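Enquirer: missing the sequence, but the structure's below:
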């Protein structure tokens, strides 16, 4: 940074004017034939120059070291056997060689695991941005090349990029690829999962021929297996059986071959399919209009997910008036169609104060009984007719009703209470305002109920007058039956004596009948919060719960005891050691939960490849080399020259020293001191004077 | 505000007391047997007519339908609990005192939780002529109630087909509009209108002036107590009054059941189609 600078003593126009004046004087002298014209012009020019203040400037330069970025991939895929040692050795060797080069600094960048995989592109871009571009002499990446953010890789770099790949040439891997999986499915309707087995790398011939046995299970049960050769796409039908998460786990065992495949962690996958109900269809049959009828309608009509078909017997067959039919608004009940042909389309049939009065044929009741045994649901809200000869219990349906009426009706106010079972049962547990021991709160009273004797297997969850059963739940075959021995739940809705949670209770009874998983008595639930924290809850009607055995993805088994957190609820919080598929069981119920991705992104592909980083290396004249061929030597070359090649001792890679420097200061020195200028100008003027012969020459003349 | 709290406190206190007591046996009967109730106005003649009218319509219901109401109940609004009732007949008289604020709190709760009041101004013969009619008294009595916007019952209201097909709603008098909750201007009811979404959209009040109790009224022998119209036409009008009574009680009990029965054939059609697809 050397140079000339000016620091004029007068403004530039004045200096210019003096210079012009000097030239004019010189020209005038020439015209007049004065012999000293040259000297006089020079003196004028020197005066102008002196006023311009010329000075010499000198910068102070410091040479800067070169920077080499050493990218060290330590993501999970680098932990596959052998790769870690390879990377360690390469990094150590390169560090030594770089340290031996004078004026070279190493910037080491370590790439770890990210939920999105290995982010080499991001790391490299960030490292390049952090350093001055003029000092970067080379980039060396020690990795398996499996970057999951290839789009974030810079297009080029100011210095050669070398990629040293870990792994061996015989690496191979077989993996499971989920091509298509639905996130939602209607319950009972098959959905299709499309899977494929893919081989990568140098597959041993004996393994390539061998199909793998694919094991498929839904929620840890119902295991199936299918032989599937590599490269063939399979459409797998799966039926979501219940609402909520249906975890489909698909996997195959590692093929037997030598060498073995790189990892079996990408041999399985867990697909979570949210089971959703198609619109629920409810058939409500009211035996007579009564004040409670509208509470059923309010409940069912307010649920947008329910298709309600409602029939009320407005006029019994034995009553007639003389009104012509066209003045009546009565519609015949399509009983044959509803109870014989369409019955399986319904999710729930509610009999509301229904009395047997010859409208439904006996075979219809038979059919309803079969419908329940095959998985349907019936809810009976019985009024006093239950204790009469018109009771549903005396119809063929009585065989599946969980009670036997005695014929007695309690016609007195009573307080509905939860039984000990009721406090544990999800249908009644936690209802707001439930009567509690030692507390004054209670629900409003009801005024009438029938006395019944519950059948042996049935659960009595609420009792009324004289502790007689009020709400009884039972399972028949694959179906369910719920029965209330009073029709006065509407009094809660009216707020009589404070009322009670009428809508909530009816909603829960109806949905329990329709097998909503949230209302199952025996349930094992796992709620995942904050990544790996799992709250495991066992809901049971038993007094105790056995410990939970958790099978981890690596096959190890953890046993956790449960603590009672409420009536019929036992739970524990557990932090899983890592993502993967966990199988929970207490001996009776098995659940599979998927934490994080079952096959982490890191293990989707495992065979080392330079495909992602190759273009960048090529663009910068760098090399992609396999470490299994040995660690390359390091050289320096000039910028623009090929930065890799083959030498006597094997491959070499090069860095390009950049000879960067920084300027740390500046000196400013005038060319002549003011007195020097004076002497110069005076000397030139004198010389002109003398040349014109005013000295010796005049004397001589 | 303080007054409302005081009233609430009083009611809660009263509820506490009731919890210990036996409920009124008449009201237990109302809950068990769907007994119809009327408001006692203090005018003996009107009260007797109300009782006879409700007895009459109860008998008609029992004879023709599955609803078999018990004996009607006369109700003192200032004293009696309404939560066990479903239907209240309220004849409007000039002389009747306004119920207490507590009674209005109970009435509003009754309306909100699915009960219904039939206001009868009993002035169908003179109303609209410009003379003195029941409008002023009705306004005085009904003003403190939370009643949604009202409109004349349209021709296609579910009230016209809950049991019988009806075109008008005569009582002892004929031809005047009756009023119920206005149908929503559009599908989305405005914020703060409690009834459209509540109770399946069933109107909490029906207001008219056709003096229905007089048309329904029967003595112990089951004979009509008041003459309606003249000769055979009059008897036809009485029959229509009975039919209105039947439809009204069906509307109270079954709500909009009849209006969504229209959808049942469509629903069954859909089931058939779905089966065909499968």
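Expert: That came through fine. Computed from a predicted model, the values in this text were never measured in an experiment. Numbers count the residues shown, from 1 in each chain, chains lettered A, B, ... in the order given.
Enquirer: What is the burial count for the closest residue to chain B within chain A?
Expert: Closest residue of chain A to chain B, CB to the nearest CB: residue A:289 (3.4 Å). (Glycine included, C-beta is placed from N, CA and C.) Residues lying near residue A:289 (other CB atoms under 10 Å in any protein chain shown) number 27.
Enquirer: and it, what helix or strand is that in?
Expert: Using DSSP states H and E, residue A:289 sits within no helix or strand.
Enquirer: Check whether it really touches residue B:254, as I assumed.
Expert: Yes. Checked against CB atoms under 8 Å, the pair residue A:289 and residue B:254 is within contact range at 5.0 Å.
Enquirer: residues shared between the contacts of the two?
Expert: Here residue A:289 and residue B:254 have A:312, A:314 as joint contacts, going by CB atoms under 8 Å, 6 or more residues apart in numbering or on different chains.
Enquirer: excluding its backbone neighbours, what's nearest residue B:41?
Expert: residue B:96 (4.2 Å; CB to CB, 6 or more residues apart in numbering or on different chains).
Enquirer: pretty sure that neighbour is in a strand, no?
Expert: No. Counting by DSSP: H, G, I helix; E, B strand; the rest coil, residue B:96 is located in no strand; its state is coil.
Enquirer: Before we move on, what's the pLDDT of residue A:164?
Expert: Residue A:164 is assigned a predicted lDDT (pLDDT) of 89.
Enquirer: Contacts only, for it.
Expert: Residues in contact with residue A:164 (CB under 8 Å, 6+ apart) are A:90, A:140, A:141, A:142, A:143, A:625, A:626, A:627, A:631, A:632.
Enquirer: at 6 Å instead, please
Expert: Counting by CB atoms under 6 Å, 6 or more residues apart in numbering or on different chains, residue A:164 makes contact with A:90, A:142, A:625, A:627.
Enquirer: So for residue 22, what's the nearest residue that isn't a sequence neighbour?
Expert: Because you didn't say which chain, this covers chain A. Spatial nearest neighbour of residue A:22, excluding adjacent residues (CB to CB, 6+ apart): residue A:44 at 2.2 Å.
Enquirer: Chain B is the one I meant
Expert: Nearest-residue entry for residue B:22: residue A:413, 6.9 Å, with adjacent residues in sequence omitted and distances by CB to CB, 6+ apart.
Enquirer: if I look at the one you found, how far off is residue A:464?
Expert: 10 Å (CB to CB, to the nearest Å).
Enquirer: so residue A:255 makes contact with residue A:209?
Expert: No. Under the criterion of CB atoms under 6 Å, residue A:255 makes no contact with residue A:209, lying 10.1 Å away.
Enquirer: Looking at these two, which one has more neighbours?
Expert: More crowded of residue A:255 and residue A:209, by other CB under 10 Å: residue A:255, with 23 against 10.
Enquirer: host element of the nearest residue to that one once chain neighbours are set aside?
Expert: Spatial nearest neighbour of residue A:255, chain neighbours left out: residue A:207 (4.8 Å); criterion: CB to CB, 6+ apart. Under the criterion of DSSP H and E, residue A:207 resides in helix A:205-208.
Enquirer: Which parts of that helix count as buried, going by neighbours?
Expert: Neighbour counts over helix A:205-208 (16 or more other CB atoms under 10 Å in any protein chain shown) mark residue A:207 as buried.
Enquirer: Distance from the following helix or strand past that helix to the middle of the chain?
Expert: Next along the chain after helix A:205-208, taking DSSP H and E as the criterion, comes strand A:212-218. The chain centre lies 25 Å from the centre of strand A:212-218; the measure is CA atoms, centre = their mean, to the nearest Å.
Enquirer: what packs against strand A:212-218?
Expert: strand A:221-228, strand A:244-252 (3 or more CB pairs under 6 Å, 6 or more residues apart in numbering or on different chains; DSSP states H and E).
Enquirer: any chance of the ones you listed in TSV, with mean neighbour count, distance to residue B:104 and mean pLDDT too?
Expert: Listed next are those as TSV, based on neighbours: other CB atoms under 10 Å in any protein chain shown; distance: least, CB to CB, whole Å; pLDDT from 0 to 100:
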stretch	mean neighbour count	distance to residue B:104	mean pLDDT
strand A:221-228	12	60	81
strand A:244-252	20	47	83
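Enquirer: Make JSON lines out of those and add distance to residue A:268.
Expert: Shown next, in JSON lines, are these (distance: least, CB to CB, whole Å):
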{"stretch": "strand A:221-228", "distance to residue A:268": "13"}
{"stretch": "strand A:244-252", "distance to residue A:268": "3"}
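Enquirer: circling back: in this structure the residue nearest to residue A:22 contacts residue A:20, no?
Expert: No. Using CB under 6 Å, residue A:44 is not in contact with residue A:20; the gap is 9.4 Å.
Enquirer: So these two - more neighbours on which side?
Expert: Between residue A:44 and residue A:20, counted using other CB under 10 Å, residue A:44 has the larger neighbour count: 23 against 12.
Enquirer: Show me what the host helix or strand of the more buried one is packed against.
Expert: Assessed by DSSP H and E, residue A:44 sits inside helix A:37-52. Contacts defined by 3+ CB pairs under 6 Å, 6+ apart place helix A:37-52 against helix A:12-31, helix A:674-691.
Enquirer: what is the mean pLDDT for it?
Expert: Taken as a whole, helix A:37-52 has a mean pLDDT of 84.
Enquirer: Please name the strands paired to the helix or strand that it is followed by in the sheet, noting orientation.
Expert: Next helix or strand after helix A:37-52 toward the C-terminus (DSSP H and E): strand A:54-63. Here strand A:54-63 is paired, per DSSP bridges, with strand A:2-6 (antiparallel), strand A:661-670 (antiparallel).
Enquirer: Can you lay out these as TSV showing distance to residue A:682, mean neighbour count and mean pLDDT?
Expert: What follows is those, written out as TSV (distance: least, CB to CB, whole Å; neighbours: other CB atoms under 10 Å in any protein chain shown; pLDDT from 0 to 100):
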stretch	distance to residue A:682	mean neighbour count	mean pLDDT
strand A:2-6	22	10	79
strand A:661-670	18	11	82
